[in-house]
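Visitor: Need a 3D model of the following:
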Amino acid sequence: MKTTIELSDPLFEAARQAARQRGTTLRALVEMGLRQVLEQPSRGPRAFRLRKASVADKGLQEAAGAMDWHALRDLSYGDRRR
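Guide: Numbering: from 1, shown residues only. This next block holds a predicted model:
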């Protein structure tokens, strides 16, 4: 089957040179690359993982557990808020 693909000039030149060095055609090189990619299992997007940023159980003041967001913000920023 014939098809047309668009490649950037630098990629096209690098592929032509690689095919020449390997003693093959550009068509064969593209087919090898596609086969290689298609044989690999799909990784899909990686799930987001929040890094552990613990402060050795000393980060939250005991009284803060019952505070609402506004009170926590005021406690966190103090005089720096404004």
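
Visitor: Quick one: low-confidence residue ranges for this structure.
Guide: For the chain, the stretches with pLDDT under 70 are 55-60, 81-82.

Visitor: most remote residue from it's center?
Guide: residue 63 (39.3 Å; C-alpha atoms, centre = their mean).

Visitor: From residue 41, how far out is that one?
Guide: In this view, residue 63 and residue 41 are 51 Å apart by C-beta to C-beta, to the nearest Å. To be clear about C-beta, it is placed using only N, CA and C from the backbone, and glycine gets the same treatment.

Visitor: Count the neighbours of residue 2 for me.
Guide: 3 (other C-beta atoms under 10 Å).

Visitor: quick thing: my sequence starts at 285, can you match it?
Guide: Yep, numbering from 285; the last one is residue 286 now.

Visitor: What is the burial count for residue 298?
Guide: 12.

Visitor: starting at the chain centroid, how far to the helix or strand encompassing it?
Guide: Taking DSSP states H and E as the criterion, residue 298 maps to helix 293-306. Relative to the centre of its chain, helix 293-306 is centred 28 Å away, using C-alpha atoms, centre = their mean, to the nearest Å.

Visitor: which helices and strands sit right next to it?
Guide: helix 310-323 (3 or more C-beta pairs under 8 Å, 6 or more residues apart in numbering; DSSP states H and E).
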